[in-house]
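S.K.: let's see this in three dimensions:
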Amino acid sequence: MVRSHARSPTKSATAGWIVENLSTAILLFDSKLRLQLVNSAGENLLSASVKKMTGQRVDQIFGNDALPKALQHALDTGQVVTEWDLEIVSASHLTQCVDCTLTPCGNGQGDANVLVEMSNSDGLRRILRDEAALGQQNVLRTLVKEMAHEIKNPLGGIRGAAQLLECELASPAHKEYTRLIVDEVDRLRKLMDRMLVPNAAPRMTGVNIHEVLEHVCSLLEAGTDPALTIIRDYDPSLPDLLADRDYLIQAFLNIAQNAAQAVSYQGTVSFRTRAQRQCTIGLKRYRLVIRIDIIDDGPGVPAEIAEDIFYPMISGRSNGTGLGLSIARSLIHGHGGQIIYSSKPGETVFSVWLPVENGT
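M.R.: Purely as a prediction, here's the structure:
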């Protein structure tokens, strides 16, 4: 009897499902270094779609020669190649460090392929930095509670003064600003009350992320120079997420104010939202995550504070408190999310990932 080695449709479908749902990026190149297969994690890592990349040569997908050289070496030697902290540049000019394993394999027809397993080593370093920052967060909580006591005292006076001013104004347009002051004072008072409660957890309700960002934009526009340009680039298909609206407003307002200050209130600040699928945050895997980018065209983050920018009391401005980004990170982490940034002269991007559902 001749035993068939053909893979059954059920096994093939199962294998495809497993590859598609791996958190590790999987790429398969043929002997001419053309991409034949990429999974969802690979699309996310390279910020490009499978439709766009399939059939392209490796040098069309990557903007530097690090991975092409490793692929050619694996093909020439027929041996497994492992690279740690390999710097790659995607076609969209995104630079990142990855750990990857390149395994030569046959395709059943006598041709050589190379299977690439790739993961972002920046993510592991980020997890280690977050663990090291836990002690800093305890210090921050104490500082925030002390600040909350001090902030609450003048808020009542500000609210009363705004109400009296509204009574004296005839213009409805001017009254809109005084109502904005009253609403923000009320929001801050509630926020301070909750921060004074030990270990206050976020109050999760259904939240539209664009409504939150529009509120932040309105505050930014009301309190800054008209020379500041605000650009919105929203994905309207994004679903609502479970979140604490007040906490998110405060987190994004802190990030946006930093961006506005970086351009001296005369440049451009952009808000961009996108869906990310099959993302890992910390040690959890999520099917769907909302990514929010806040981008400015300022001079970039000073090199001397680049590694510590999320720590309390770290600021690039002489009059800065160094608490805004630290508080923002704490609030985002309270939602199971993460915040990272990249910076170069002319473009600084703070990216926030917020999960839409519980991870695995």
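
S.K.: list of residues touching whichever strand or helix holds Gln261?
M.R.: Per DSSP states H and E, Gln261 falls inside helix 245-262. Residues from elsewhere that reach helix 245-262, judged by C-beta atoms under 8 Å, 6 or more residues apart in numbering: 187, 190-191, 194, 202-203, 205, 207, 209, 212-213, 215-217, 219-220, 224, 228, 269, 271, 292, 294-296, 298-299, 317, 324-325, 327-328, 331-332, 334-335, 339, 348, 350, 352. For glycine as for every other residue, the C-beta is placed from the backbone atoms N, C-alpha and C.

S.K.: if any of those residues are buried, put those into a ChimeraX selection.
M.R.: Only the buried entries of these go into this ChimeraX selection, using 16 or more other C-beta atoms under 10 Å:
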select :187,191,194,202,207,209,212,213,215,216,217,219,220,224,228,269,271,292,294,295,296,298,299,324,325,327,328,331,332,335,339,348,350,352
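
S.K.: if we can go back for a sec, can I get the helix holding Gln261 in PDB? Just the C-alpha atoms.
M.R.: Taking C-alpha atoms only, helix 245-262 is exported to PDB below (Å, rounded to 0.1, in the frame of the first residue of the first chain):
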ATOM      1  CA  ARG A 245     -14.100  59.200  29.700                       C
ATOM      2  CA  ASP A 246     -12.700  61.700  32.300                       C
ATOM      3  CA  TYR A 247      -9.400  59.800  32.600                       C
ATOM      4  CA  LEU A 248      -9.000  59.600  28.900                       C
ATOM      5  CA  ILE A 249      -9.700  63.300  28.400                       C
ATOM      6  CA  GLN A 250      -7.000  64.100  31.000                       C
ATOM      7  CA  ALA A 251      -4.500  61.700  29.500                       C
ATOM      8  CA  PHE A 252      -4.900  63.000  25.900                       C
ATOM      9  CA  LEU A 253      -5.100  66.600  27.000                       C
ATOM     10  CA  ASN A 254      -1.700  66.200  28.800                       C
ATOM     11  CA  ILE A 255      -0.100  64.700  25.600                       C
ATOM     12  CA  ALA A 256      -1.700  67.300  23.300                       C
ATOM     13  CA  GLN A 257      -0.600  70.200  25.500                       C
ATOM     14  CA  ASN A 258       2.900  68.800  25.400                       C
ATOM     15  CA  ALA A 259       2.700  68.700  21.600                       C
ATOM     16  CA  ALA A 260       1.400  72.300  21.400                       C
ATOM     17  CA  GLN A 261       4.200  73.500  23.700                       C
ATOM     18  CA  ALA A 262       6.800  71.700  21.600                       C
END
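
S.K.: show the subsequent helix or strand relative to it.
M.R.: Counting by DSSP H and E, what follows helix 245-262 is strand 268-281.

S.K.: quick check: buried residues in that next one?
M.R.: Buried-residue list, strand 268-281, by 16+ other C-beta under 10 Å: 269-273, 276, 278-281.

S.K.: average pLDDT for the helix or strand where Leu165 lies?
M.R.: For Leu165, the enclosing helix or strand under DSSP H and E is helix 134-168. Mean per-residue pLDDT for helix 134-168: 72.

S.K.: again, but for stretch 171-179
M.R.: 84.

S.K.: how about residues contacting it?
M.R.: 162-163, 165-166, 169, 222.

S.K.: export that stretch to CSV, keeping only CA atoms.
M.R.: C-alpha atoms of stretch 171-179 as CSV (Å, rounded to 0.1, in the frame of the first residue of the first chain):
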residue,chain,number,x,y,z
SER,A,171,-22.4,88.1,23.3
PRO,A,172,-23.5,84.4,23.1
ALA,A,173,-20.1,83.6,21.6
HIS,A,174,-18.3,85.0,24.7
LYS,A,175,-20.7,83.1,27.0
GLU,A,176,-19.7,79.9,25.3
TYR,A,177,-16.2,80.4,26.7
THR,A,178,-17.4,81.0,30.2
ARG,A,179,-19.5,77.9,30.0
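
S.K.: ok, so of the buried residues of strand 268-281, who is nearest Lys344?
M.R.: Ser270 (15.3 Å; C-beta to C-beta).

S.K.: ok, that closest one - contacts?
M.R.: 230-233, 293-296.

S.K.: would you mind giving these as a markdown table with distance to Tyr286 added?
M.R.: Shown next, in a markdown table, are the contacts of Ser270 (distance: C-beta to C-beta, whole Å):
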| residue | distance to Tyr286 |
| --- | --- |
| Ile230 | 29 |
| Ile231 | 28 |
| Arg232 | 25 |
| Asp233 | 22 |
| Asp293 | 18 |
| Ile294 | 21 |
| Ile295 | 23 |
| Asp296 | 27 |
